[in-house]
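**Q** my questions are about this predicted structure, shown below with the sequence.
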Amino acid sequence: MKKVLTILFLLVATQTLAQTEFGVKLHDLKTDEPIAGAIIAYKDTTGKVLGKQFTNAKGVTIRKSRLDLFAIDIRALGYRDTSLFVSDVQSTILLESLPLEKEEVVVTAQRHASVSQDVPISMSVVREAEIQSRAPREIDEVLRFIPGVTVTEDQVSIRGSSGYSRAVGSRVLYMMDGMPMLSADNGDIKFDAVPMINIQSVEVVKGAGSALYGSSALGGIINVITRKPSKTWQGAINATAGSYEEPTYEQWNLPEVGRTYYNIEAGASNTFGEVGVLASGAYKRDEGYRMGDDIYNGSGFLKLTTPT
């Protein structure tokens, strides 16, 4: 009789263990590839962690036999954190990938790629998302929001380094992708030379950079970084329009009514073999708020990249 009871007990225990202990695999939601190195934390109803377990490519064994086990938390590098009730756990758990945020990299301060926190001088970086949120017409409208930077017409002064002097050139070096862009005649800055749809970021070094960039960088450096050509066909159109308010005093009214401005930019990008192409064009019209202050401006931009 004892032998019969022992066998029955073992059968019941084995069946119960099979129901409360099973293997679970973690897979990528998009690629369905196994995920290794994840951490599974076991919690009770109060949220207290009962234990933790690392997973491998073959998965992990989850035990439900503990009465106080209520939920599990899954954490894996590069994936969104996932929490599940034990009753909802399936044999395969799919995790959603989550892009990792990289440390900000700048190139202007030391003429090579560096992590921003390792740069020994003061600088500011305006990223593409912030530029687009302000919808600027030209680069100078981006610079006006950077602390310590003052823009007067076509001249820039960083932390009061150069002030404003008409027709004597700029003491702040203006570059595009590391190449000087100051005009050859007056040494001033042509803010409208690059369509805004091609700009990826703007880096501003707040201090003298003559040792690296020459005498033009006595007051600081502005480096406009353009975007890289895309791998497939991509296009973009950017258009803005507006009007000037009526003058405060009636004596200042102009014969024309409704002084306006508008501009349109269009571009496309693709890679052909190993050559990347980024091309765009822009047309701008600004009637200004003064008589005879009309501005017509057309420009084109072409960037070619090859493997280094």
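**A** Noted; the coordinates are in hand.

**Q** make it CA atoms for all contacts and neighbour counts henceforth
**A** Noted.

**Q** which regions of the stretch 151-300 of the chain sit below the pLDDT cut-off?
**A** In the predicted model, the stretch 151-300 of the chain carries pLDDT under 70 at residues 163-169, 254-257.

**Q** check which helix or strand covers the nearest residue to residue 253 once chain neighbours are set aside.
**A** Counting by Cα to Cα, 6 or more residues apart in numbering, residue 247 is the residue found nearest to residue 253 once chain neighbours are left out, at 6.2 Å. Using DSSP states H and E, residue 247 falls within no helix or strand.

**Q** same check, this time on residue 269
**A** Using DSSP H and E, the element containing residue 269 is strand 260-272.

**Q** roughly how far out does that strand sit from the chain middle?
**A** Relative to its parent chain, strand 260-272 has a centroid offset of 20 Å by Cα atoms, centre = their mean, to the nearest Å.

**Q** who are the packing partners of it?
**A** strand 234-243, strand 275-286 (3 or more Cα pairs under 8 Å, 6 or more residues apart in numbering; DSSP states H and E).

**Q** paired strands for that strand, with orientation please.
**A** Strands adjacent to strand 260-272 in the sheet, as given by DSSP bridges, are strand 234-243 (antiparallel), strand 275-286 (antiparallel).

**Q** for those strands, give me JSON lines that also has mean neighbour count and distance to residue 183.
**A** Compiled in JSON lines, these are given as follows (neighbours: other Cα atoms under 10 Å; distance: least, Cα to Cα, whole Å):
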{"stretch": "strand 234-243", "mean neighbour count": "13", "distance to residue 183": "26"}
{"stretch": "strand 275-286", "mean neighbour count": "19", "distance to residue 183": "19"}
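
**Q** and the ones you listed as JSON lines, adding distance to residue 50?
**A** As requested, the strands paired with strand 260-272 are arranged in JSON lines below (distance: least, Cα to Cα, whole Å):
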{"stretch": "strand 234-243", "distance to residue 50": "51"}
{"stretch": "strand 275-286", "distance to residue 50": "54"}
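
**Q** so for residue 137, which of these sits nearest?
**A** Relative to residue 137, the nearest member of the strands paired with strand 260-272 by Cα to Cα is strand 234-243, separated by 7.6 Å.

**Q** okay, the closest one in PDB with CA atoms only?
**A** Output in PDB follows, covering the C-alpha atoms of strand 234-243 (Å, rounded to 0.1, in the frame of the first residue of the first chain):
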ATOM      1  CA  GLN A 234      14.400  60.900 -50.600                       C
ATOM      2  CA  GLY A 235      13.000  64.400 -51.300                       C
ATOM      3  CA  ALA A 236      11.900  67.400 -49.300                       C
ATOM      4  CA  ILE A 237      10.200  70.700 -49.900                       C
ATOM      5  CA  ASN A 238      10.300  73.600 -47.500                       C
ATOM      6  CA  ALA A 239       8.200  76.800 -48.000                       C
ATOM      7  CA  THR A 240       7.600  79.800 -45.800                       C
ATOM      8  CA  ALA A 241       5.600  83.100 -46.300                       C
ATOM      9  CA  GLY A 242       4.600  86.100 -44.300                       C
ATOM     10  CA  SER A 243       4.000  89.800 -44.300                       C
END
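
**Q** ok, which of the strands paired with strand 260-272 comes nearest residue 260?
**A** With Cα to Cα, the closest approach to residue 260 among those belongs to strand 234-243: 4.0 Å.

**Q** strands of the stretch 151-300 of the chain, start to end?
**A** All strands of the stretch 151-300 of the chain, identified by DSSP state E, counting those that start in this stretch, fall at 155-158, 172-176, 179-180, 199-205, 220-226, 234-243, 260-272, 275-286, 295-305.

**Q** hang on, the earlier thing: who touches the strand holding residue 269?
**A** Here strand 260-272 makes contact (Cα atoms under 8 Å, 6 or more residues apart in numbering) with 137, 195-197, 229-244, 276-288.
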